[in-house]
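Asker: Predicted coordinates and the sequence they were generated for:
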Amino acid sequence: MAIREILLLGNPQLLEKSELVGKSELEYAKSVGEDLRDTMAAFRKEHGWGRSIAAPQIGVMKEIVYMEFNQPELLINPTLSDFSEEKMELWDDCMSFPDILVKVKRHKTCRISYMDKDGKEISRIIDNAEAELLQHEIDHLHGILATMRAIDGSSFALQSQRHLLDQSEFANQV
C-alpha cells in the first residue's frame, strides 16, 4: 500500500511500548501489514538485507510484525514464552540503525503465539534464526532496541566493517 519512513535510532518513539490490536482492528492491522511489507521491500532493495519489521519502526504503536522468513507472514499481538536456557551470540542488525551491528545473546528456542491476518490464534516452537529474528522484533514492540541488549561495550561495529567480524556469528540475514 505505502512505503513509510523508518524511524531511526534516537527517535524517542522507538522506546515506547506498543498497544495490543483488538479483534475489531483486524482490517487496520492488515493495512499496517501491507505498509510494513512495502517498506521492508524498499529497504531491502536499497540495503540488500531485511527479513522482518515491527510496526513501531514506522511509527505505528501497535503489536504488529511482518516477516518474510520461510514465507510472508503477519503476526498480530505476538508473545514469546518457553525460552530455552541455551543461548546464541550473534551480530544483530536493524532497519532503525542500518549502519550499525550489535552483538547480542538470544535464546536458541522459544514458543511464539500470535494471531494471524485472519484472526486465527497460532502457537509454535521456533528456533535458531527464526527465534532470534522474532526476539528482536518483539523487543521493538516493547520499546527495547538491540543496542540495549549489547553484550558489552565492545559489541558494536559498523556495517562497513562486517567483513572483519566472525561470519559464523551472523544470522541468515537476507
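Answerer: Yep, that arrived. The structure presented is a predicted model; accordingly, all values stated were derived computationally and were not measured.

Asker: Who are the contact partners of the residue nearest to the spatial centre of the chain?
Answerer: Centroid-nearest residue in the chain, with Cα atoms, centre = their mean: E137, separated by 2.5 Å. Applying Cβ atoms under 8 Å, 6 or more residues apart in numbering, we find E137 in contact with 52-54, 65, 67, 75, 78. All C-beta atoms are positioned from the backbone trio N, CA, C, and that covers glycine.

Asker: In helices, which of those residues appear?
Answerer: Under the assignment DSSP state H, the contacts of E137 contribute nothing to helices.

Asker: Pull the number of nearby residues for G143.
Answerer: 16 (other Cβ atoms under 10 Å).

Asker: Over to it. Which of the three states is it?
Answerer: Following DSSP: H, G, I helix; E, B strand; the rest coil, the label given to G143 is coil.

Asker: how about the nearest residue to it, chain neighbours excluded?
Answerer: Excluding its sequence neighbours, the residue lying closest to G143 (Cβ to Cβ, 6 or more residues apart in numbering) is L15, at 4.5 Å.

Asker: looking at it, the one you found is touching L145, isn't it?
Answerer: Yes. Between L15 and L145 there is a contact at 7.5 Å, judged by Cβ atoms under 8 Å.

Asker: circling back: distance of the residue nearest to the centre of the chain relative to D93?
Answerer: With the distance defined as Cβ to Cβ, to the nearest Å, E137 ends up 13 Å from D93.

Asker: circling back: from the neighbour counts alone, determine which of L15 and L145 ranks first.
Answerer: The neighbour comparison of L15 against L145 (other Cβ under 10 Å) goes to L145, with 18 against 13.

Asker: Appreciated, that's everything.
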